[in-house]
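In: pasting the structure only:
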């Protein structure tokens with residue numbers, strides 16, 4: 001079924017309670033369509049107080065926008081043309097519905113959704129299937145507040161486009177998740193890193209992050225691909241007072257070449273530590289994951305008195321900086 005976005009109808013003339021009841025029970029795609037019909041309709045939708053839990057924008061060969069409200073969600077697949085959009089919702093149905101609105105461009109649509117569902121930021125994901133020659137994402141998303149910027153690049157990709165994308169969106173983001181770094185010049189990497197992101201994930205496919213690049217990042221939580229010897233150097237720097245914001249680190253060591261015992265020897269070489277009681281349980285919150293408890297570990301102390309626990313195996317190590325509510329028993 002193909003329709004032009006609906007025009008205002010007598011709904012907005014109903015009593016307030018009746019309007020709220022009807023709007024709250026609409027399909028999400030119909031409610032969004034209604035909100036575009038007039039300024040009054042938009043205001044009515046905003047006043048419902050529906051708060052989106054999250055909003056994802058995925059850029060690939062099309063633009064996929066996913067909106068998640070409590071108990072409701074919907075997807076929109078947009079053409080890359082910024083002046084002509086198609087919004088297709090096929091959730092939980094076999095048939096698809098096309099909704100065409102020729103008066104709204106991509107950035108206006110996203111801003112509108114953020115306003116009516118009281119969501120100040122989006123999560124933006126960039127894939128290497130993006131049509132970078134035809135999709136002007138720099139105009140679409142200029143000035144957008146981004147909660148998390150993620151890249152998923154495999155195989156061939158256009159390096160210059162990727163560089164420009166990182167330089168722009170890393171500055172607009174609270175958190176970044178990257179699987180490739182296209183820069184040959186370390187200064188370019190540091191221009192991205194030195195932004196004090198809340199969270200930084202650099203999970204490289206084949207390479208390991210250089211130690212100086214690791215230090216350039218200064219997040220509260222980080223997931224990085226680094227060597228065992230660089231984990232050792234990082235612990236020494238932390239003990240001497242670096243990155244006072246840090247709460248959580250996970251380091252992937254590349255392909256396992258050592259036993260667990262050998263990994264521990266390399267990581268703790270010339271580092272003062274003590275073995276934690278095996279029965280001690282700690283609660284940790286990893287970036288983007290549920291809380292979990294861990295037992296045991298190895299404890300280190302910073303010169304300013306902060307404490308952290310390290311957990312090590314062949315493939316990765318984790319570091320949790322203590323907080324007041326972290327130790328359970």
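Out: Great, that's in hand. The shown structure was predicted, so the numbers you read here are calculated from the model rather than taken from an experiment.

In: how far away is the residue positioned nearest the centre of the chain from residue 40?
Out: Nearest to the mean C-alpha position of the chain, counting by C-alpha atoms, centre = their mean, stands residue 148 at 3.0 Å. With distances defined as C-beta to C-beta, to the nearest Å, the gap from residue 148 to residue 40 amounts to 34 Å. In this view, the C-beta of every residue, glycine as well, is placed from N, C-alpha and C.

In: How about residue 255?
Out: With distances defined as C-beta to C-beta, the gap from residue 255 to residue 40 amounts to 61 Å.

In: what about those two, which has more around it?
Out: Counted by other C-beta atoms under 10 Å, residue 255 and residue 40 do not tie: residue 40 has more neighbours, with 11 against 7.

In: need the next SSE after the helix or strand containing the more buried one, C-terminal direction.
Out: The secondary structure element spanning residue 40 is helix 39-46 (assigned by DSSP states H and E). Once the chain leaves helix 39-46, the next helix or strand it forms, by DSSP H and E, is strand 54-59.

In: contacting residues around the helix or strand just after that following strand?
Out: Of the helices and strands lying after strand 54-59 in sequence (DSSP H and E), the nearest is strand 63-69. Counting by C-beta atoms under 8 Å, 6 or more residues apart in numbering, the neighbours of strand 63-69 from elsewhere in the structure are 28, 32, 50-58, 73-80, 106, 109-110, 113, 117, 135.

In: average model confidence for strand 63-69?
Out: Confidence over strand 63-69 (mean pLDDT, whole number) is 88.

In: how much space between the residue nearest to residue 174 when sequence neighbours are not counted and residue 218?
Out: Nearest non-adjacent residue to residue 174, counting by C-beta to C-beta, 6 or more residues apart in numbering: residue 198, 4.7 Å away. Counting by C-beta to C-beta, the gap between residue 198 and residue 218 amounts to 11 Å.

In: Then residue 194?
Out: When distances are taken as C-beta to C-beta, residue 194 and residue 218 turn out to be 7 Å apart.

In: Now do the shared contacts for these two.
Out: Looking at what touches both residue 194 and residue 218 (by C-beta under 8 Å, 6+ apart), there is no common residue.

In: Comparing those two, which residue is more hemmed in?
Out: Between residue 194 and residue 218, residue 218 has the larger neighbour count (other C-beta under 10 Å), namely 17 against 11.

In: ok but residue 112 is inside a helix, no?
Out: Yes - under the criterion used here (DSSP: H, G, I helix; E, B strand; the rest coil), residue 112 sits inside a helix.

In: so residue 190 makes contact with residue 215?
Out: No - if you go by C-beta atoms under 8 Å, residue 190 and residue 215 don't touch, sitting 9.5 Å apart.

In: just to revisit the earlier point, and the helix holding residue 40, what does it pack onto?
Out: Contacting helix 39-46 under the criterion 3 or more C-beta pairs under 8 Å, 6 or more residues apart in numbering; DSSP states H and E are the following elements: helix 16-24, helix 28-35, helix 106-116.

In: Pipe those into CSV and attach distance to residue 182, mean pLDDT and mean neighbour count per row.
Out: Putting the helices and strands packed on helix 39-46 into CSV (distance: least, C-beta to C-beta, whole Å; pLDDT from 0 to 100; neighbours: other C-beta atoms under 10 Å) gives the following:
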stretch, distance to residue 182, mean pLDDT, mean neighbour count
helix 16-24, 46, 86, 13
helix 28-35, 36, 87, 20
helix 106-116, 25, 89, 18
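
In: got the phi/psi numbers for the closest residue in space to residue 275 that isn't next to it in sequence?
Out: Counting by C-beta to C-beta, 6+ apart, residue 275 lies nearest to residue 298, which is 6.0 Å off, once chain neighbours are set aside. Listed backbone geometry of residue 298 is phi -130, psi 130, with angles given as degrees, to the nearest 10.
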